[in-house]
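Asks: Sequence first, predicted model second:
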Amino acid sequence: MPSLLSAARALLHPEPVSSPAYRDAVIGLLAGTAGTLLMGQWSTRIAPLITGGQEASAPPKPDQDVISPLGQEHVPGESSTAALGRHLYQLINHQMPQKGTRTALSEAVHWGTGVVGGAAYGALAARRQGPLTGLLFGTGLWLVLDETITPLLGLQDGPRGAELRTHANRLGAHLAYGLGLGVAAAALNAALPD
């Protein structure tokens, strides 16, 4: 009878299950927010110094290097996040978004990618989270997403379609993201109980 009573108590008041993978993914999700904030600071404060303000003031140029089997899926001057947001909006609403909506969609895609990327980092890097692993993760995201997948989807020009300083600027933004991600994840990992 005592074992039946213990089983009933366990069903009524279960012990919380501790999942290290869940914890690490949540830490990464929160750290992804910090990384995305730092990436935004790079884009507004550092990027204009690298590009000399030319990208913002110059009229959009036609594509120079379309490598996508899908063709060009963005309009000249449109960022990859804006192009993806516009495509998702059109898929759902079957109409072109207004300019203000396009800006909001671009931000939503940017933040969604940053936060989900942070969760992936948390799950993959587990307890080895820190500035160095964050920088390596940011570099990997730049190489795989920004330099490979995004052009292959037609959401931006191929590698030869941008100047070297544009590639360096994008790498810098992803390094800022990775640094913020790694530092925040390490701090949260140390501060939160297992």
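Replies: Yep, it's here. Numbers count the residues shown, from 1 in each chain.
Asks: Just checking, which helix or strand of this structure averages the lowest pLDDT?
Replies: Counting by mean pLDDT, DSSP states H and E, the chain has its least confident helix or strand at helix 54-57, which shows a mean of 56.
Asks: quick one: average pLDDT of the next helix or strand after that helix?
Replies: Moving toward the C-terminus from helix 54-57, the next helix or strand (DSSP states H and E) is helix 80-93. The predicted model assigns helix 80-93 a mean pLDDT of 95.
Asks: now for whichever helix or strand comes after helix 80-93, which elements pack on it?
Replies: Next in sequence after helix 80-93, counting helices and strands by DSSP H and E, comes helix 99-125. Packing contacts for helix 99-125, counted by 3 or more Cβ pairs under 8 Å, 6 or more residues apart in numbering; DSSP states H and E, involve helix 20-41, helix 80-93, helix 131-141, helix 164-191. C-betas here are computed from N, CA, C, even on glycine.
Asks: residue contacts, the most centrally placed residue in the chain?
Replies: The centre of the chain sits closest to residue 114, judged by Cα atoms, centre = their mean, with a distance of 2.6 Å. Residue 114 is in contact with 32, 33, 35, 36, 39, 177, counting by Cβ atoms under 8 Å, 6 or more residues apart in numbering.
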